[in-house]
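Visitor: fold the following, please.
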Amino acid sequence: MKKNIQTHHALNDSNDFSYPHTKIHISQNKNARIKHIQTTLSSHKMILENTPQETLLLPLLGRAMANKKWPHLFQDEHSNWLLKQADQLGFDTQHIQMKGHELFCYGIRTATNICYAKHFIEAHPSATIVNMGCGLDDLFQDIDNGKIHYYNVDFPEVIQTREQLIPSHERVFHISSSLTDYEWLQQIKHDSNNGILFLAAGVMYYLTVEEGRGLIQTIAETFTNGQFLFDSESPWAMKQSNKLVKKYQMNGAEMHFMLDDPNIIKSWSKGIHQLNVYYDFTHFLKGTKIPFKYKPFFWFMKTIKAMYFVALKF
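Guide: This next block holds a predicted model:
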């Protein structure tokens with residue numbers, strides 16, 4: 001039974017998940033927000049060791065360094081500013097030296113979510129967007145059309161940090177909860193006529209398969225006229241990623257969501273109408289000039305199906 005839905009409608013979208021391939025530039029009109037962050041950071045040390053907040057470091061650092069290395073592809077002044085203030089955030093970044101392809105993956109993940117969300121919003125101008133495991137990103141500012149309603153979901157400690165660092169907005173709502181405590185879904189106000197999109201950029205990795213399955217089932221059986229985009233890795237690739245987590249001494253950031261074949265997800269719920277798996281991690285950036293030196297890496301990862309995006313319709 002579908003829950004918390006005001007009106008039920010079948011999906012109006014076509015079955016084609018192909019989106020326009022465009023170069024993504026993240027909005028830079030954030031001077032007021034950056035000034036607010038600077039003022040807040042000057043008197044707070046926000047991130048504590050051995051807490052859920054500590055895992056914010058890798059994606060934040062990755063996005064900022066991708067911005068610095070390839071500004072023509074990934075412009076993210078928000079993450080770039082936070083990186084410059086890393087010491088005040090409590091981060092020790094000196095021991096982390098990411099390789100180029102690692103940084104590029106962080107940039108691609110953000111760009112893909114922006115591209116996917118913008119396309120969804122074009123078809124659903126008054127959509128509800130749910131950013132699961134939001135961390136300290138500023139995705140709302142990059143996709144807002146003046147009409148959407150937007151939810152950030154993360155651990156209470158992370159939401160508290162967001163509220164201290166990032167100015168509020170009347171159409172942005174925060175939910176303090178673990179994703180595996182499904183009660184948080186009851187807080188989302190949603191009209192199925194307008195569509196709903198769940199985004200989980202770099203998040204599913206940290207759930208067990210059973211936790212991920214439960215989350216997907218609950219979403220697919222609670223909402224209609226919606227989509228869910230997330231990324232993950234094969235068991236082999238995730239083992240390699242966990243070696244990096246250990247190397248960077250990121251306690252609590254081990255990854256668990258290992259599926260031999262992500263297509264099995266469609267069988268997890270009758271509410272899932274369609275599933276597409278994109279093993280080409282650069283799929284949504286076609287038409288963008290990707291540095292030649294990284295093309296062999298992404299070709300290899302595509303060939304062995306090591307990295308992928310999953311797009312669900314329910």
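
Visitor: CA atoms for contacts and neighbours, from now on please.
Guide: Fine.

Visitor: list the residues that contact residue 198.
Guide: 129-132, 226-229 (Cα atoms under 8 Å, 6 or more residues apart in numbering).

Visitor: among these, which two are most distant?
Guide: Distances among those were taken as Cα to Cα; the most separated pair is 132 and 226, at 14.7 Å.

Visitor: between those two, point out the one with more neighbours.
Guide: A direct count of neighbours by other Cα atoms under 10 Å for residue 132 and residue 226 places residue 226 higher, at 25 against 22.

Visitor: re earlier: could you dump the contacts of residue 198 into TSV with distance to residue 175 and secondary structure added?
Guide: Listed next are the contacts of residue 198 as TSV, based on distance: Cα to Cα, whole Å; DSSP: H, G, I helix; E, B strand; the rest coil:
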residue	distance to residue 175	secondary structure
129	13	strand
130	10	strand
131	10	strand
132	10	strand
226	19	strand
227	20	strand
228	18	strand
229	19	strand
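
Visitor: out of the residues you listed, who's the most crowded?
Guide: Greatest neighbour count in these, by other Cα under 10 Å, goes to residue 129: 28 neighbours.

Visitor: which residues touch that one?
Guide: Applying Cα under 8 Å, 6+ apart to residue 129 gives the contacts 148-151, 196-199.

Visitor: redo that, cut-off 10 Å
Guide: By Cα atoms under 10 Å, 6 or more residues apart in numbering, the residues touching residue 129 are 117, 120-121, 140, 143-144, 148-152, 172, 188, 190, 195-199, 226-228.

Visitor: is it fair to say residue 311 lies in a strand?
Guide: Yes. Residue 311 forms part of a strand when assessed by DSSP: H, G, I helix; E, B strand; the rest coil.

Visitor: that one pairs with what?
Guide: Judged by DSSP bridges, the bridge partners of residue 311 are residue 229, residue 276.

Visitor: wait, isn't it in contact with residue 278?
Guide: Yes. Using Cα atoms under 10 Å, residue 311 is in contact with residue 278, at 8.2 Å.

Visitor: list residues touching both of the two?
Guide: Taking Cα under 10 Å, 6+ apart as the criterion, residue 311 and residue 278 both touch residue 231.

Visitor: which of those two has more residues huddled nearby?
Guide: Remark: of residue 311 and residue 278, residue 311 carries more neighbours, 19 against 16, as counted by other Cα under 10 Å.

Visitor: separation between that one and residue 254?
Guide: Applying Cα to Cα, to the nearest Å, the value for residue 311 to residue 254 is 24 Å.

Visitor: do residue 269 as well
Guide: Noted for residue 269: a distance of 27 Å to residue 254, by Cα to Cα.

Visitor: over to residue 301?
Guide: Going from residue 301 to residue 254 by Cα to Cα gives 21 Å.

Visitor: buried sites along whichever strand or helix holds residue 102?
Guide: Using DSSP states H and E, the element containing residue 102 is helix 100-123. Using 16 or more other Cα atoms under 10 Å as the test for burial, helix 100-123 gives 103-121.

Visitor: before we move on, what about stretch 151-165?
Guide: Of the residues in stretch 151-165, 151-159, 161-162, 164-165 count as buried by neighbour count, 16+ other Cα under 10 Å.
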